[in-house]
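In: Sequence plus the predicted model coming up.
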Amino acid sequence: MQRPVSSLGLSPSVKVKLVNSGLQFTADLLHLKPLQLSKDTGLSQQEALEVLQAVKTDGGGDEARGGRVPASLTALELLQQEEEMRSIVTFSSQLDAALGGGIPVGKSTEICGVPGVGKTQLCLQLSVDVQVPQSFGGVGGQVIYIDTEGSFLVQRVIDMATAAVKHCSLLVEDDEQRVAMTTFTIENILSNIFLVRCHDYVELLAELHLLPDFLSDHPKSRLLVIDSVACLFRQFDDLSLRTRLLHSLTQQLIAMATRHHIAVVITNQMTTRLRGSHSQLVPAFGESWGHAPTIRLLLQWAGSRRMVAIYKSPCQMDATIQYQITSEGFRDADQPEQSQSKRPRTHTDQ
Ligand SMILES: Nc1ncnc2c1ncn2[C@@H]1O[C@H](COP(=O)(O)OP(=O)(O)OP(=O)(O)O)[C@@H](O)[C@H]1O
């Protein structure tokens, strides 16, 4: 069992430094040497020694050696973990195909793009998509939605949920799906989205600090959205502090994605990079931040068409797909609205 470092008998300032460095659990500290811990966290060597001593006394070391926290995985456990880590199938078959099945659970995905291109729309859509019942090929999960810009629109979620419920109801073929539809309702979709409003990065870090406990209490959580990370970190004058905070944030998110089997989806803005006399629009926060997410999507305009470019993915690189935002949500560009289509695409059509 993992114990949060917050439960150790340490001073609050030491705990904050540990958490801000992405070290949230005693298991994260087990294999660290005092010097390394001091370097990674900014703690003095004496404080680092005290931390490691506290972990040992707490039983963390015994857990690792005694087998309560496995130091390694068997191949069978790995297979089981991979089976649990399914993808969130979206209502855009082309995006799913390009991503090898959808937005992966257990990994982080960054959605970049200029204002108004559709980043929030895609996040809202994913918040509905992740709830599609398993009998329809979905994940049937809950959502934690961190809204930093006040752009979460409940009416828009209702529109998307209405379309999703209608879509699934037209596909019902057996009793399992019939039963699933009794709980796949607009009301339940809304009550499965836990919305948090964060106004600055301190609130965000505090929220992320509390999140592991929330995720343990809500084991059906499969999606964490942060829309957007850009506005919280843009105003920093101290770029080195910003880099450190962003580094710590990415470490926490990656750890959370794998430990709690959730898809982490973050939105980011674009910024102008000057190269000689040329300027180029690139995702904000530089290249080291860009290495962190497993998948990086760039939503962009090509004239009046909306395109999503896959910047980074384990499956396919440099793919570009055209999409549209309709009254029903985020869709393939050539997909007719439900009211006009004869047979909706099933969530198992891959
Ligand atoms: N009901 C709807 N029907 C059709 N299109 C819609 C609907 N609601 C929103 N849109 C489209 O979505 C766009 C806004 O997208 P969104 O808010 O996701 O942008 P964003 O990339 O998150 O922008 P920002 O960075 O400013 O937050 C609108 O310009 C509009 O074109």
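Out: It's in. Residues are numbered from 1 along each chain as shown.
In: Tally up the residues packed near the residue in the stretch 251-350 of the chain that the ligand sits nearest to, please.
Out: When distances are taken as CB to the nearest ligand atom, the stretch 251-350 of the chain reaches nearest to the ligand at Ile325, 4.1 Å away. Every residue, glycine included, has its C-beta placed from N, CA and C. One way to gauge burial is a neighbour count; for Ile325, by other CB atoms under 10 Å, it gives 14.
In: Assumed it was part of a helix.
Out: No. Under the criterion used here (DSSP: H, G, I helix; E, B strand; the rest coil), Ile325 is strand, not part of a helix.
In: Give the helix, strand or coil label for whichever residue of the stretch 151-300 of the chain sits closest to the ligand.
Out: Among residues of the stretch 151-300 of the chain, the one nearest the ligand by CB to the nearest ligand atom turns out to be Ser151. It sits 5.1 Å away. Secondary structure, three-state DSSP: Ser151 is coil.
In: Same check on Val179?
Out: Classification of Val179 into helix, strand or coil gives helix, according to three-state DSSP.
In: So the closest residue to Arg178 other than its chain neighbours: helix, strand or coil?
Out: If the residues on either side of it in the chain are set aside, Arg178 comes closest to Val172, at 5.6 Å by CB to CB, 6 or more residues apart in numbering. Using three-state DSSP, the secondary structure recorded for Val172 is coil.
In: For Val172, the count of nearby residues, please.
Out: Residues near Val172, counting by other CB under 10 Å, number 15.
In: Over to Gln142?
Out: 20.
In: Please apply the same query to Pro104.
Out: As a burial measure, Pro104 scores 22 neighbours (other CB under 10 Å).
In: next one: the one 10 residues further on
Out: Per other CB under 10 Å, the neighbour tally for Val114 reads 13.
In: Surely it and Pro283 touch.
Out: No. Using CB atoms under 8 Å, Val114 makes no contact with Pro283, being 10.6 Å away.
In: how about the residues of the stretch 51-200 of the chain near the ligand?
Out: Within the stretch 51-200 of the chain, the residues that sit near the ligand (CB under 6 Å from any ligand atom) are Gly113, Pro115, Gly116, Val117, Gly118, Lys119, Thr120, Gln121, Glu149, Ser151, Arg156.
In: Find the residue closest to the second one in space, skipping its chain neighbours.
Out: The shortest distance from Pro115 to any residue that is not its chain neighbour, by CB to CB, 6+ apart, is 7.4 Å, and that residue is Gln269.
In: from what I can see that neighbour touches Asp227, true?
Out: No. With contact taken as CB under 8 Å, Gln269 and Asp227 are classed as non-touching, separated by 11.0 Å.
In: Neighbour count: these two, which is higher?
Out: The residue with more neighbours, out of Gln269 and Asp227 and counting by other CB under 10 Å, is Asp227; that gives 24 against 18.
In: partner residues bridging Gln322?
Out: Legend: beta-bridge partners of Gln322 under DSSP bridges are Met307.
In: doesn't Gln335 make contact with it?
Out: No. Using CB under 8 Å, Gln322 is not in contact with Gln335; the gap is 10.5 Å.
In: what about the two, which has more around it?
Out: Just comparing Gln322 and Gln335: by other CB under 10 Å the higher neighbour count belongs to Gln335, 19 against 14.
In: hmm, back to that, list the contacts of the residue of the stretch 251-350 of the chain closest to the ligand.
Out: Gly118, Gln121, Arg306, Arg331 (CB atoms under 8 Å, 6 or more residues apart in numbering).
In: tell me the contacts of the first one?
Out: Applying CB under 8 Å, 6+ apart, one finds that Gly118 lies in contact with Leu299, Arg306, Tyr323, Ile325, Phe330.
In: So the first one, which state does it fall into?
Out: Judged by three-state DSSP, the three-state class of Leu299 is strand.
In: Which residue comes closest to it once chain neighbours are left out?
Out: By the measure of CB to CB, 6+ apart, the closest residue to Leu299 outside its immediate chain neighbours is Gly113, 3.5 Å from it.
In: cool, and the last one?
Out: Leaving aside its chain neighbours, Phe330 sits nearest to Gln125 (4.1 Å; criterion: CB to CB, 6+ apart).
In: Just the element for the one you found, please.
Out: Applying DSSP states H and E as the criterion places Gln125 in helix 119-129.
In: elements contacting that helix?
Out: In terms of contacts (3 or more CB pairs under 8 Å, 6 or more residues apart in numbering; DSSP states H and E), helix 119-129 is packed against strand 108-113, strand 142-147, helix 154-169, strand 221-227, strand 263-268, strand 329-332.
In: now the ones you listed as CSV including distance to Pro4 and mean pLDDT?
Out: As requested, the helices and strands packed on helix 119-129 are arranged in CSV below (distance: least, CB to CB, whole Å; pLDDT from 0 to 100):
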stretch, distance to Pro4, mean pLDDT
strand 108-113, 21, 96
strand 142-147, 17, 98
helix 154-169, 32, 97
strand 221-227, 17, 97
strand 263-268, 19, 96
strand 329-332, 36, 96
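In: Take the ones you listed and write them to a markdown table, including distance to Asn192.
Out: Rendered in a markdown table, the data for these read as follows (distance: least, CB to CB, whole Å):
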| stretch | distance to Asn192 |
| --- | --- |
| strand 108-113 | 20 |
| strand 142-147 | 4 |
| helix 154-169 | 10 |
| strand 221-227 | 9 |
| strand 263-268 | 15 |
| strand 329-332 | 17 |
